[in-house]
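Q: following is a predicted model, sequence given first.
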Amino acid sequence: MGRPNRCPVCGGELVARVLECKVCGTQVHGKFLRSPFDRLDDEQTEFLLEFLRSEGNFTELARRMNLSFPTVKSRFYAILRTLGIEKRRKTTVSNVLDMLERGEISADEAEKLLRGEG
């Protein structure tokens, strides 16, 4: 499945023009403002909900979701990028090796960062 709120033909951003009541079917037409959270896919939305349930504690979130701590951090930063609020971190070989040594990222994640894929 593609990204939510993206045109399946060209990838452009979709705009909401109609709201419809689930009960009576009344429709309201116009151009409606969307939340930045509408950019998140279902997996990212569920991750964010678990993050909130964990009160922002990455260790607790990793335990709840049965994921490694580096994977949790990676997914969190992906959400920040999707929302357009992450400050770009300078990726240097030294920084990546330091994160790898501290156990913050896996060898696979380090390789992706060094290739510019992370």
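A: That came through fine.
Q: farthest residue from the center of this protein?
A: Cys24 (34.3 Å; Cα atoms, centre = their mean).
Q: that residue in helix, strand or coil?
A: coil (DSSP: H, G, I helix; E, B strand; the rest coil).
Q: what distance do you get for Leu19 to Gly25?
A: 11 Å (Cβ to Cβ, to the nearest Å). For every residue, glycine as well, the C-beta is placed using N, CA and C.
Q: coming back round to it: tell me, what's the model's pLDDT at the residue farthest from the centre of the chain?
A: With respect to pLDDT, Cys24 scores 95.
Q: show me the contacts for it.
A: With contacts defined as Cβ atoms under 8 Å, 6 or more residues apart in numbering, Cys24 has no neighbours.
Q: what does the lengthiest helix in the chain contact?
A: Ranked by residue count under DSSP state H, the longest helix found in the chain is helix 69-83. Applying Cβ under 8 Å, 6+ apart, the contact partners of helix 69-83 are 36-37, 39-40, 44, 47-48, 51, 58-59, 61-62, 65, 67, 86, 103-106, 109, 118.
Q: the residue nearest to the spatial centre of the chain and Glu43, how far apart?
A: Central residue of the chain (Cα atoms, centre = their mean): Ile79, 2.3 Å from the mean position. Per Cβ to Cβ, Ile79 is found 10 Å from Glu43.
Q: can you check Asn57 too?
A: 20 Å.
Q: equivalent analysis for Arg53, please.
A: 16 Å.
Q: strands of the chain, residue ranges please.
A: 18-20, 27-29 (DSSP state E).
Q: nearest to Leu113, of these?
A: strand 18-20 (41.9 Å; Cβ to Cβ).
Q: what about that closest one, distance to the chain center?
A: Here the centre of strand 18-20 is set off from its chain's centre by 27 Å, with Cα atoms, centre = their mean, to the nearest Å.
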